[in-house]
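Peer 1: Here is my input, please return the structure:
(4 chains)
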4 protein chains.
Amino acid sequence: MITVISGTNREGNVSVSVAQTVLELLTNSKVDAQLLDLRKLPVDFAFRNDVFGNPDPGFSAIASQFVGNADKFVFVVPEYNGSIPGVCKAFIDAVWPEQFKGKKAALIGLSSGRAGNVRGLDHLTNILNYLQVAVQPMKTSINHIDKHLNEDGFLEDERILMTIQQELAKLVEF
Amino acid sequence: MITVISGTNREGNVSVSVAQTVLELLTNSKVDAQLLDLRKLPVDFAFRNDVFGNPDPGFSAIASQFVGNADKFVFVVPEYNGSIPGVCKAFIDAVWPEQFKGKKAALIGLSSGRAGNVRGLDHLTNILNYLQVAVQPMKTSINHIDKHLNEDGFLEDERILMTIQQELAKLVEF
Amino acid sequence: MITVISGTNREGNVSVSVAQTVLELLTNSKVDAQLLDLRKLPVDFAFRNDVFGNPDPGFSAIASQFVGNADKFVFVVPEYNGSIPGVCKAFIDAVWPEQFKGKKAALIGLSSGRAGNVRGLDHLTNILNYLQVAVQPMKTSINHIDKHLNEDGFLEDERILMTIQQELAKLVEF
Amino acid sequence: MITVISGTNREGNVSVSVAQTVLELLTNSKVDAQLLDLRKLPVDFAFRNDVFGNPDPGFSAIASQFVGNADKFVFVVPEYNGSIPGVCKAFIDAVWPEQFKGKKAALIGLSSGRAGNVRGLDHLTNILNYLQVAVQPMKTSINHIDKHLNEDGFLEDERILMTIQQELAKLVEF
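Peer 2: From the prediction side, this is the model:
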């Protein structure tokens, strides 16, 4: 089971639309996959969670379903202040490390600017490696993301879609 | 005005006690200083804030007092999963970038293990530089933090206290 | 005295032409400045140097003139394999740390691709901070560098030149 | 074929002794392995190489034997100025990227200080991922390396040897 994580909770974010595209590409290829949209987290999860204590049962259920039950992850992460969103790291911090350990991940970075969140993907790689998650080295960085979305807010740039498709194929084999 | 930021909201964390020591060292040296304990943030601040929208007035007041009104910062940050706490980055993401821009910071890392959060300080340096905050290059890393606290939970290792004192003196001149 | 370091020794590199432009901008502003072109290093400097032992006198003279006698640096560094050139780090490793300590630097990144070496600038910031060199947080990243050079191989994009000018002004005040 | 790379060329370095121990552990487990000691590189390799041009035939033979013919790598890297040795990155820059692409690596960090080169391993991970080399997430960091060597200069700390053994087993399966 692959969990696609849309790595921000900001309203109107485009990461979730890219994450939905990733989900479709996986399910079209007959791969079991599910989407975790960080907007669905309990709003106080950073204060009440599995690691810090007093977890909302809703949070624990999410951690269990989307991390514990998965064996691979695709993180779709926008660039906030030169790194990954704090909320994405706060989510990782809130889950028992054992639920991540020994699993595998692929990373996709987005930015409105030109660097496509390459720095954030570096940080996230190091964080995941710390948790004993192997990171597939092909990583897609999409810069100027707004230029690549169609009227409905979905990715339709063929070249980018093919790159993501290739990265997902590598994750499946990884 | 220097704001000392205790960079985690976990109950029973030791960063806040180190941050209180930093505050005392500054006020003893007649430097205007105040302490921001991230446990005092509204529990839903990662979902409602100045940047994402619909901010709790309590959050905006905190951002204004502790970031907008300060010209320097001391970040006291424990190591969570090989980096800074997600909640600390989520706080930075939640504040208007203009409130950080052009200011200065000193960093202190803590870890229960041996590396003293040197990786987290690297990440935080890059994030702050992105926000046009200059980082004072002398950074104190305290490893095996639990061994350096007295019965009341405060730092009493003379060597570490002198190192922090020296770092603070450099921040004041920076 | 500001030393502008052209951070690669590859023949036909464009960093040296950007470094020459930086030198001119500084001298036009009546700032004392000199250029260190890493192509001028003894070809065996990575094996014989001040730190490793058996230094070529030519190397020691370069280290002394361009590091020891300078109080500020501008590093112009292209992106090689997602970071700074190895030769640039090898040069830093070959110089006595005391010759860098307590000084200040500004960084300019170049890439033929789109990210403008933002990752390399992050790595270099962390390395310089380790050596107690303060890094000015405004950093210019020039991507697609080849599109911004004129027929003679010099930068002539007005917007980039103004950004560099602004970064240099900040370094002078830093 | 696994190539163990001793990541520095400094005379009297301890990385090469750790690399020899790694080589022995691999060959004792009937794994094909060879050792590349960076002290054996042509002293001018950073100026004459496969990528920069005018390569010494000796260098090309080394690149071909130790990178081209290997499918996995173990990098043993000491901490120099908060990162990997410049000479190690210069070696990576000097080899055709195609010779690294699609391969796998495990990393071992050393330091005389307490952090065990965790920062350098982060940088090296990002550099290798850039080259499409997958990095095994378990990474051994050996701090205070001098305390762990016997009179003959070899590692004899049982706990560390078992950790390395475990990391190598993971690399073989990776």
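Peer 1: Tell me the residues of chain A that contact chain B?
Peer 2: A:9-11, A:43-44, A:46-48, A:52-53, A:80-94, A:97, A:119, A:123, A:126-127, A:129-131 (C-beta under 8 Å from any C-beta of the partner chain). C-betas here are computed from N, CA, C, even on glycine.
Peer 1: which of these come close to chain D?
Peer 2: Among the residues of chain A next to chain B, chain D is touched by A:126, A:129, A:130, A:131 when using C-beta under 8 Å from any C-beta.
Peer 1: what about residue A:5, helix or strand, and which?
Peer 2: For residue A:5, the element it lies in under DSSP states H and E is strand A:2-6.
Peer 1: For that strand, name the packing helices and strands.
Peer 2: Here strand A:2-6 touches helix A:15-28, strand A:33-37, strand A:72-78, going by 3 or more C-beta pairs under 8 Å, 6 or more residues apart in numbering or on different chains; DSSP states H and E.
Peer 1: Need the outlier residue of chain A, farthest from its centre.
Peer 2: Within chain A, residue A:54 marks the point farthest from the mean C-alpha position, 25.3 Å out by C-alpha atoms, centre = their mean.
Peer 1: hmm, back to that, buried ones only from the residues of chain A next to chain B, please, as a ChimeraX command.
Peer 2: Buried members of the residues of chain A next to chain B, defined by 16 or more other C-beta atoms under 10 Å in any protein chain shown, are picked up in ChimeraX with:
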select /A:9,10,43,44,46,47,48,52,80,81,82,83,84,85,86,87,88,89,90,91,92,93,94,119,123,126,127,129,130,131
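Peer 1: Just the buried residues of stretch A:141-161, please?
Peer 2: Buried, per 16+ other C-beta under 10 Å, within stretch A:141-161: A:141, A:142, A:143, A:145, A:148, A:149, A:155, A:160.
Peer 1: will you turn those into a markdown table that also has pLDDT, distance to residue C:5 and secondary structure?
Peer 2: What follows is the buried residues of stretch A:141-161, written out as a markdown table (pLDDT from 0 to 100; distance: C-beta to C-beta, whole Å; DSSP: H, G, I helix; E, B strand; the rest coil):
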| residue | pLDDT | distance to residue C:5 | secondary structure |
| --- | --- | --- | --- |
| A:141 | 95 | 28 | strand |
| A:142 | 94 | 33 | strand |
| A:143 | 92 | 28 | coil |
| A:145 | 90 | 35 | helix |
| A:148 | 90 | 37 | helix |
| A:149 | 89 | 41 | strand |
| A:155 | 91 | 41 | strand |
| A:160 | 95 | 37 | helix |
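Peer 1: so which two of the residues you listed are the farthest from each other?
Peer 2: Within these, A:141 and A:149 form the most distant pair, 15.9 Å apart (C-beta to C-beta).
Peer 1: hey, what's the residue positioned nearest the centre of chain A bridged with?
Peer 2: Nearest residue to the geometric centre of chain A (C-alpha atoms, centre = their mean): residue A:75, 2.0 Å. Assessed by DSSP bridges, residue A:75 has beta-bridge partners residue A:5, residue A:107.
Peer 1: roughly how far apart are it and chain C?
Peer 2: The spacing between residue A:75 and chain C, counted by C-beta to the nearest C-beta, to the nearest Å, is 18 Å.
Peer 1: what's that residue in contact with, if anything?
Peer 2: Going by C-beta atoms under 8 Å, 6 or more residues apart in numbering or on different chains, residue A:75 touches A:5, A:7, A:88, A:105, A:106, A:107, A:108, A:124.
Peer 1: And for the closest residue in space to the fourth one that isn't next to it in sequence, the neighbour number?
Peer 2: For residue A:105, ignoring the flanking residues on the chain, the nearest one in space by C-beta to C-beta, 6 or more residues apart in numbering or on different chains is residue A:73 at 4.3 Å. Taking other C-beta atoms under 10 Å in any protein chain shown as the neighbour definition, residue A:73 ends up with a count of 23.
Peer 1: separation between residue A:73 and chain D?
Peer 2: Residue A:73 sits 13 Å away from chain D, going by C-beta to the nearest C-beta.
Peer 1: dump the residue contacts of that residue.
Peer 2: Here residue A:73 is in contact with A:2, A:3, A:4, A:5, A:67, A:103, A:104, A:105, A:106, A:133 (criterion: C-beta under 8 Å, 6+ apart).
Peer 1: Okay, strands next: where are they in chain A?
Peer 2: Ranges of strands in chain A, per DSSP state E, are A:2-6, A:33-37, A:72-78, A:104-110, A:134-135, A:140-142.
Peer 1: Provide the contact partners of the last one at residue level.
Peer 2: So the one you mean is strand A:140-142. A:18, A:107-111, A:115-118, A:121, A:148, A:155, A:160, A:163-164, A:167, C:115.
Peer 1: redo that, cut-off 10 Å
Peer 2: Here strand A:140-142 makes contact (C-beta atoms under 10 Å, 6 or more residues apart in numbering or on different chains) with A:14, A:18, A:22, A:74, A:76, A:78-79, A:106-111, A:114-118, A:120-121, A:148-149, A:155, A:157, A:160, A:163-168, C:113-115.
Peer 1: cool, the fifth one as well?
Peer 2: Applying C-beta under 10 Å, 6+ apart, the contact partners of strand A:134-135 are A:72-73, A:75, A:102-107, A:121, A:124-129, A:171, A:174, D:104, D:125, D:129, D:134-138, D:170, D:174.
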